[in-house]
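*Asks:* Build me a model:
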Amino acid sequence: MQKNTQYIVAIVAALIIAGGAFYGGMTYAKSQVPQRAGGMMGARNGQRFMAGANFISGDVVAKDAQSVTVKLRDGNSRIVFYSTATDVGKFVAGSIDDVAVGKTVMVNGKTNTDGSVTAQSIQIRPAMPQP
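*Replies:* As a prediction, the model looks like this:
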């Protein structure tokens, strides 16, 4: 009888320790910053590079039926191609007609071999102060 009681106490103690360890691990995991696969690769010249994606930000200096040219904060510019599949956002719903010369935009898309970008989304942003 006493041996059975010792086994039960040992099992209950093991369950309490395992539960505490699990809770502690979950609490620790919640406090950590998640890392994305293919996350931030680096940043330069007002551009943020993600694996498979390119974020640029600047002022629209030219626009035609297929592309806009964005002047970056470092003075360089980048051609951005768009299509009917490109999401255009602003504080309210937008369209490509809202992207105009003089507007500040943030573009998310894929960099082409010639350095241009094919946009997945274009966000119209408030103008940024000059450095």
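
*Asks:* tell me which element residue 79 falls in.
*Replies:* strand 77-81 (DSSP states H and E).

*Asks:* Now do that strand: which elements does it pack against?
*Replies:* If contacts are counted by 3 or more CB pairs under 8 Å, 6 or more residues apart in numbering; DSSP states H and E, strand 77-81 sits against strand 53-63, strand 67-72, strand 104-111, strand 117-125. The way it works is simple: take the backbone N, C-alpha and C, and place the C-beta from them, glycine included.

*Asks:* relative orientation of that strand and strand 53-63 in degrees?
*Replies:* Counting by axes from the mean of the first three to the mean of the last three CA atoms, to 10 degrees, strand 77-81 lies at 100 degrees to strand 53-63.

*Asks:* so what's the residue nearest to residue 116 when sequence neighbours are not counted bridging to?
*Replies:* Nearest residue to residue 116 in three dimensions, chain neighbours excluded: residue 79, at 4.2 Å (CB to CB, 6 or more residues apart in numbering). Here residue 79 sits in beta bridges with residue 69, going by DSSP bridges.

*Asks:* I'd guessed residue 79 sits against residue 67; true?
*Replies:* Yes: under the criterion of CB atoms under 8 Å, residue 79 makes contact with residue 67 at 5.4 Å.

*Asks:* just to revisit the earlier point, I'd like the helices and strands packed on strand 77-81 as a markdown table, with distance to residue 12 and mean pLDDT appended.
*Replies:* Below are the helices and strands packed on strand 77-81 laid out as a markdown table (distance: least, CB to CB, whole Å; pLDDT from 0 to 100):
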| stretch | distance to residue 12 | mean pLDDT |
| --- | --- | --- |
| strand 53-63 | 52 | 84 |
| strand 67-72 | 64 | 91 |
| strand 104-111 | 54 | 88 |
| strand 117-125 | 55 | 87 |
